[in-house]
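# coords below, sequence missing:
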């Protein structure tokens, strides 16, 4: 009897385990590590699409002055005296590829956070993500807005945190820049393909398409980016977007804009983010996101939702619904006030701003558990590239999600923009979890990927199901828990149109827009009089 030569893989885990021993010498002191390369960035500019310096020249500039190294990101366990491997070291090898669930890295602990809160010389700033708010809201039976106000009160009055802000401003800027990057990449790619097709000949257009830098792949997930860097290298990296994640944007806003405008030494600021994912700790420790000329990270520590819940329980706030509310800080207002003071534009203007009290910080939630990158960029691209305005005028997003179509599974979905003849103009997809990521990577490597943009996230079900989120209660299914968290996530108010609206969106084509219909997986254009 003949047997098939096909190899079948079973019991695939969605996280890839370490494949080799750690390359870091545990006898080597972390102080001996060379300083990261100096970022070449204009001091008055804020780059939201900075390419990784790890993929540039790897020459070290010598040891940095210990007075400029910022806060230590690892500590020796006082009880066990065990050696802790820093995440910066971990990113230097190819042994592990993804989340901290599989490698048990000890980093950015709650003990260090509490110690910095007690340090009178430290200015502690906490940025909270909408996914973490939704997870805590589901656990405590309150709304995300109540979670935010109660966390603000807890951090400020119990731990003496200076500022508690929502990550929405960073998220809005990241989405806007991601849309600008895609539109630029799309136009550039189509132009190059047209030129190459004309030079090669009409019979060899496939060769021109093979050199395409599309699809553009989302760069917001550090687990996915780390996997791509270590496993696929030059095959995939040119496709990954250069736009910073919302956490990266927040780090730049706090330490590159807010700090100098208020006369704060960036080295005295301890910036902490509350995120749904352990891999955000990896991102925070990367040398890419350090202040130019200093090895001071823009985000000093990233705490998971679960760690924040542990902190609440430790200080007697296990039932957040019973805690007092407080007022969080509005980062946009703080930046506006600091800028006006810095520019010294006159007392009248300052009095005007002071008399206008901005409302509570809007809490941000795009459709999609991972921030709505695919939806937001699809809307912007349809309008800017083809004059199709899917959202009502003056709005930056639809009042309902776009009709993505489920393909292989619920974590792999696609959406097309078709012209009047039914031919695709845009093809977008979302790919969550490593099973779907590996399928996507195989398509790209074989030159058979049909998509223009893919929102890629390492965790199944996206960021709402991140490894750092709270887990379902006993007897509750994971699916029911995620559904509950997602409903709370979508309750959070959309960010005000006055924040983060890109000029390209406002300056879109004003000619008469084509009509369209929406069906699962398709936005179909048709003539005004079919």
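Nice, I can see it. Because the structure is a prediction, the values reported are computed rather than measured.

# Low-confidence ranges, the protein, go.
Residues of the chain meeting the criterion pLDDT under 70: 1-47, 49-107, 197-212, 342-368, 391-400, 493-514, 526-530.

# which residues does residue 308 contact?
132, 136, 151, 274 (C-beta atoms under 8 Å, 6 or more residues apart in numbering). All C-beta atoms are positioned from the backbone trio N, CA, C, and that covers glycine.

# ranking those by neighbours, who comes first?
residue 132 (32 neighbours; other C-beta atoms under 10 Å).

# Name the nearest residue to it, ignoring sequence neighbours.
Closest residue to residue 132 in three dimensions, ignoring its sequence neighbours and counting by C-beta to C-beta, 6 or more residues apart in numbering: residue 305, at 4.2 Å.

# Also residue 259?
In this structure, residue 259 finds its nearest non-sequential neighbour in residue 266, 4.7 Å apart by C-beta to C-beta, 6+ apart.

# Partner strands of the lengthiest strand in the chain and their direction?
Across the chain, the strand with the greatest residue count (assigned by DSSP state E) is strand 424-432. Each strand that pairs with strand 424-432, with its direction, by DSSP bridges: strand 412-418 (antiparallel), strand 453-457 (parallel).

# can you redo these as a markdown table with mean neighbour count?
Listed next are the strands paired with strand 424-432 as a markdown table, based on neighbours: other C-beta atoms under 10 Å:
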| stretch | mean neighbour count |
| --- | --- |
| strand 412-418 | 22 |
| strand 453-457 | 28 |
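
# Could you say which one of those strands comes nearest to residue 192?
For the strands paired with strand 424-432, distance to residue 192 was read as C-beta to C-beta. The smallest value, 17.3 Å, belongs to strand 453-457.

# The helix or strand just after that closest one - contacts with which helices or strands?
Stepping forward along the backbone from strand 453-457, the first helix or strand reached (DSSP states H and E) is helix 478-491. For helix 478-491, the contact count by 3 or more C-beta pairs under 8 Å, 6 or more residues apart in numbering; DSSP states H and E identifies helix 130-140, helix 144-153 as packing neighbours.

# Deepest-packed of those, please.
Per-stretch averages of neighbours, counted by mean count of other C-beta atoms under 10 Å, single out helix 130-140 among the helices and strands packed on helix 478-491, with a mean of 27.

# Check which helices and strands that helix sits against.
With contacts taken as 3+ C-beta pairs under 8 Å, 6+ apart, helix 130-140 sits against helix 144-153, strand 269-275, helix 305-314, helix 478-491.

# repeat that with 6 Å
With contacts defined as 3 or more C-beta pairs under 6 Å, 6 or more residues apart in numbering; DSSP states H and E, helix 130-140 has these neighbours: helix 144-153, helix 478-491.

# Give the buried residues for the last one.
Spelled out, that is helix 478-491. Buried residues in helix 478-491, counting neighbours by 16 or more other C-beta atoms under 10 Å, are found at 481-482, 484-486, 488-491.

# Closest one of those residues to residue 220?
residue 489 (15.9 Å).

# now the nearest residue in space to that closest one that is not next to it in sequence: how far from residue 328?
Excluding its sequence neighbours, the residue lying closest to residue 489 (C-beta to C-beta, 6+ apart) is residue 134, at 3.8 Å. If you measure residue 134 against residue 328 using C-beta to C-beta, to the nearest Å, the figure is 16 Å.

# Same question for residue 268.
Here the distance between residue 268 and residue 328 works out to 22 Å (C-beta to C-beta).

# circling back: what's the closest of the contacts of residue 308 to residue 217?
Taking C-beta to C-beta as the measure, residue 217 lies nearest residue 132 of those, at 24.6 Å.

# Could you verify my assumption that the closest one touches residue 274?
Yes. At 4.8 Å, residue 132 and residue 274 qualify as touching, with contact defined as C-beta atoms under 6 Å.

# Do a quick rundown of the strands in the stretch 151-300 of the chain.
Shown for the stretch 151-300 of the chain, the strands assigned by DSSP state E, counting those that start in this stretch span residues 163-166, 216-217, 269-275.

# got a markdown table for those, with distance to residue 314 too?
Shown next, in a markdown table, are those (distance: least, C-beta to C-beta, whole Å):
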| stretch | distance to residue 314 |
| --- | --- |
| strand 163-166 | 18 |
| strand 216-217 | 39 |
| strand 269-275 | 15 |
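
# So for residue 437, which of those sits nearest?
Evaluated over the strands of the stretch 151-300 of the chain, closeness to residue 437 peaks at strand 216-217, with 9.5 Å, by C-beta to C-beta.

# quick one on the thing from earlier: wait, which of the strands of the stretch 151-300 of the chain is closest to residue 417?
With distances scored as C-beta to C-beta, the stretch of the strands of the stretch 151-300 of the chain nearest to residue 417 is strand 216-217 (15.5 Å).

# helices or strands next to that closest one in the packing?
Where contact means 3+ C-beta pairs under 6 Å, 6+ apart, strand 216-217 is packed against strand 453-457.

# before we move on, back to that, test my guess that the residue nearest to residue 489 contacts residue 490.
No. Counting by C-beta under 6 Å, no contact exists between residue 134 and residue 490, whose distance comes to 8.5 Å.

# Any chance you could list residues touching both of those two?
With contacts defined as C-beta atoms under 6 Å, 6 or more residues apart in numbering, no residue is adjacent to both residue 134 and residue 490.

# gap between residue 178 and residue 291?
In this structure, residue 178 and residue 291 are separated by 23 Å, where distance is defined by C-beta to C-beta.

# I meant residue 224, not that one.
In this structure, residue 224 lies at 26 Å from residue 291, with C-beta to C-beta as the measure.

# Which of the two has more residues huddled nearby?
Between residue 224 and residue 291, residue 224 has the larger neighbour count (other C-beta under 10 Å), namely 25 against 21.

# one step back: higher neighbour count, residue 268 and residue 328?
Per other C-beta under 10 Å, whichever of residue 268 and residue 328 has more neighbours is residue 328, with 23 against 15.

# The longest helix seen in the chain packs against which elements?
Longest helix in the chain, counting residues (DSSP state H): helix 168-200. Under the contact criterion of 3+ C-beta pairs under 6 Å, 6+ apart, the helices and strands touching helix 168-200 comprise helix 205-210, helix 246-252, helix 373-386.

# Could you check the angle that helix makes with strand 424-432?
Compare the direction of helix 168-200 with that of strand 424-432 by axes from the mean of the first three to the mean of the last three C-alpha atoms, to 10 degrees and you get 130 degrees.

# Just want the angle from helix 168-200 to strand 269-275.
Using the same axes, to 10 degrees: helix 168-200 against strand 269-275 is 70 degrees.

# Which of the residues in helix 168-200 are classified as buried?
With the criterion 16+ other C-beta under 10 Å, helix 168-200 contains buried residues 168-183, 185-186, 189, 193, 196-197.

# Tell me if I'm right that residue 240 and residue 218 touch.
No. Checked against C-beta under 6 Å, the pair residue 240 and residue 218 is beyond contact range at 8.0 Å.

# and those two? which has more neighbours close in?
For residue 240 against residue 218, the residue with the higher neighbour count under other C-beta under 10 Å is residue 218, and the figures read 26 against 19.

# Phi first, then psi, for that one.
In this entry, residue 218 is assigned phi and psi values of phi -60, psi 150 (degrees, to the nearest 10).

# residue contacts, it?
373, 455-456.

# List the contacts of residue 117.
With contacts defined as C-beta under 6 Å, 6+ apart, the neighbours of residue 117 are 124, 159-160.
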